[in-house]
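S.K.: here is my input; please provide its structure:
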Amino acid sequence: MISYPQILKTSYRVTVQNPALWLFGLFVAGGFNLNFLYLYQTPLRGLLERADLKSLLDFFYSRPEALAGFIVLVLLFFISLLVLTSWCRTVLILGASSVLKKDRLMLAKQMKDSRNFLERVFIVTLLTSVLMVLVAAGLLGAPFFLVKDQAHQAQLWTAGLVFLIPLAFTISGINIFTGFFTVIYDQGVKKALNLATDLFIVHWPKVLGLSVVLMVVYSAAFAGGAGLIYLIRAVLDFLISWLNHLPFSGMSFMLIPIQALAGIFLWLVLAGLNVFFNTALLILFLQLTAPTGDDKEKSESVVPLPASSSA
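M.R.: Purely as a prediction, here's the structure:
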């Protein structure tokens, strides 16, 4: 029987006792939260405000080779980001699995072993990312082409969101389980996708239950961290406003490092949460795929389990 409290307790222990894993959770977290580093009342803000988007578009329109080069650079950037994310995700799986099985983290070995799975995890990440983008674009972009009336567009967007949420949950769940089957059971991409799909179809209520619990934890932790940062930000805005009325208004630049530290703090919160979530889902996965000891039950299992583990 699945015990969510026990899963959370074990995940918390793994996360807190192995801070080295946070480094990989850090890169998986991404930098979307670093918009906090937008520097108010600084020359950078003025530079951003003076940026002429129309001139930039005209430049690319008149120089198609520059536009092509820019597109290639953007694609290379996102592919590199996916590779980095896939590698960090692989190391997190190997690291958490080692701690759960052997109660110790052998990071050097796991970083070396991750090379055996990186290509397959990257392919899975790329496929599911492209699928997610296509599904979202199809459901949310269709109203622009189907109707012109804004009221009808809003209704279609609402309907699109209703369909998008369960589809996104399904794609994400299969993506996560495929990564686990690839790394833990050393399966190929096609076999791992099939196993992950079967496992998700059979046990999606349990996955949904844990996801809801994790969502509550995430919301509470992120709200606490973000709330603290916005409090600091309000104080900074007040201080900057006060300093700018003084002869030495340049002193406001001293507050920039404080903003940077606050942004890094939020990033670290996300990194820790990523380790926690990855471990919780891995524990659930291991429980769902563990042999029960009942030969009849194993033979009638809907999900064909791999015979051995390579991790």
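
S.K.: average pLDDT across stretch 24-36?
M.R.: Averaged across stretch 24-36, pLDDT comes to 55.

S.K.: what's the answer for stretch 83-95, then?
M.R.: For stretch 83-95, the mean confidence score works out to 93.

S.K.: ok, and what's touching that stretch?
M.R.: Contacts made with stretch 83-95 from outside it, assessed by C-beta atoms under 8 Å, 6 or more residues apart in numbering, are listed as 18, 20-21, 24-25, 27-28, 105, 107, 110-111, 113-114, 117-118, 121-122, 125, 179-180, 183-184, 274-275, 278, 282, 311. From N, CA and C alone the C-beta is placed, and that goes for glycine too.

S.K.: at 6 Å instead, please
M.R.: Residues outside stretch 83-95 that contact it (C-beta atoms under 6 Å, 6 or more residues apart in numbering): 21, 24, 27-28, 105, 110-111, 113-114, 117-118, 121-122, 125, 183, 278, 311.

S.K.: which of those are buried?
M.R.: The neighbour-count test (16 or more other C-beta atoms under 10 Å) applied to the contacts of stretch 83-95 identifies 21, 24, 27-28, 105, 110, 113-114, 117-118, 121-122, 125, 183, 278, 311 as buried.

S.K.: any low-confidence regions in this structure?
M.R.: Flagging of the chain using pLDDT under 70 yields the residue ranges 29-54, 56, 226, 229, 233, 236-237, 239-256, 258-259, 262, 292-311.

S.K.: buried ones in the helix or strand hosting residue 65, by neighbour count?
M.R.: According to DSSP states H and E, residue 65 maps onto helix 64-102. Neighbour-count burial for helix 64-102, with 16+ other C-beta under 10 Å as criterion, is recorded at 82-83, 85-100.

S.K.: one more: stretch 213-226?
M.R.: Applying a neighbour-count criterion of 16+ other C-beta under 10 Å, one finds 214, 217, 218, 225 buried in stretch 213-226.

S.K.: next, format those as TSV and append secondary structure and distance to residue 199.
M.R.: Converted to TSV, those look like this (DSSP: H, G, I helix; E, B strand; the rest coil; distance: C-beta to C-beta, whole Å):
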residue	secondary structure	distance to residue 199
214	helix	18
217	helix	23
218	helix	23
225	helix	33
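
S.K.: of those, closest to residue 2?
M.R.: Of all those, the one sitting nearest residue 2 is residue 214; the distance, using C-beta to C-beta, is 13.5 Å.

S.K.: ok, that closest one to residue 221 distance?
M.R.: Residue 214 sits 10 Å away from residue 221, taking C-beta to C-beta, to the nearest Å as the criterion.

S.K.: residue 164: how many residues sit nearby?
M.R.: By the measure other C-beta atoms under 10 Å, the count of residues near residue 164 is 17.

S.K.: if we can go back for a sec, okay, and which of the buried ones among the contacts of stretch 83-95 map to helices?
M.R.: Cross-referencing these with the helices (criterion: DSSP state H) gives 24, 27, 28, 110, 113, 118, 121, 122, 125, 183, 278 as the overlap.

S.K.: make a markdown table out of these and add distance to residue 6.
M.R.: Below are those laid out as a markdown table (distance: C-beta to C-beta, whole Å):
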| residue | distance to residue 6 |
| --- | --- |
| 24 | 24 |
| 27 | 29 |
| 28 | 24 |
| 110 | 25 |
| 113 | 28 |
| 118 | 32 |
| 121 | 28 |
| 122 | 33 |
| 125 | 29 |
| 183 | 23 |
| 278 | 17 |
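
S.K.: from these, which is closest to residue 13?
M.R.: Taking C-beta to C-beta as the measure, residue 13 lies nearest residue 278 of these, at 14.0 Å.

S.K.: ok, that closest one - contacts?
M.R.: residue 92.
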